[in-house]
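> Predicted model and sequence below, questions to follow.
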Amino acid sequence: MSQFYKLSDHTLWDPSNGASRLFMSQVTVYQAEVGLPSGIGPMEADECQIDPIAFAAFVDALLAWHGRTRHAIMATLSEGFVATALALAEKANIEVNWQAAERAEGHYLKTASDPRAKEWTAALQQKSHELIRHIAS
């Protein structure tokens, strides 16, 4: 069985129930972390709608939050969710504000003055692009 994440009538993602349940649980966690609603509606009859404006704001805030993370474990734990949210945003043709992430005050690998900051964003971009094929419906 699958659940469907939709933008109007267009299905963006149709993960298994287990993957969807885990993703939706993490949505709740990261909404609290960034202090914004995700724009991902409730799952009803195995479908939910995504509000593109709210989701874009959430993804930008999530990316900036991840860029500011100073705790190595938190950064590692959140990386997979952030990459998945970025892949879903790309699938929805939502432009992501990568410059905000690059400018975010952050850990030794993520400061704007650190040349490795671009390596971090490039690695996250690559991971999110790799996930696109798993999100394809």
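Looks like it arrived, so ask away. Residues are numbered from 1 along each chain as shown.
> Once you drop chain neighbours, what's closest to the spatially most central residue of the chain?
Compute the mean C-alpha point of the chain, and by Cα atoms, centre = their mean the closest residue is Ala85, 2.1 Å away. Among residues not flanking Ala85 along the chain, Val59 sits closest, at 5.3 Å (Cβ to Cβ, 6 or more residues apart in numbering). To be clear about C-beta, it is placed using only N, CA and C from the backbone, and glycine gets the same treatment.
> State the distance from the residue nearest to the centre of the chain to His10.
Noted for Ala85: a distance of 18 Å to His10, by Cβ to Cβ, to the nearest Å.
> before we move on, what about Ser25?
To His10, Ser25 is 25 Å away according to Cβ to Cβ.
> quick one on the thing from earlier: neighbours of the residue nearest to Ala85, how many?
For Val59, the neighbour count with other Cβ atoms under 10 Å is 25.
> any idea which helix or strand of the protein has the worst average confidence?
Ranking every helix and strand in the chain by mean pLDDT, DSSP states H and E puts helix 98-103 at the bottom, with a mean of 71.
> Report the next helix or strand after that one in sequence order.
Once helix 98-103 ends, the next helix or strand along the chain (criterion: DSSP states H and E) is helix 116-135.
> Any buried residues in stretch 1-15, and which?
Across stretch 1-15, burial judged by 16 or more other Cβ atoms under 10 Å covers 3-7, 12-15.
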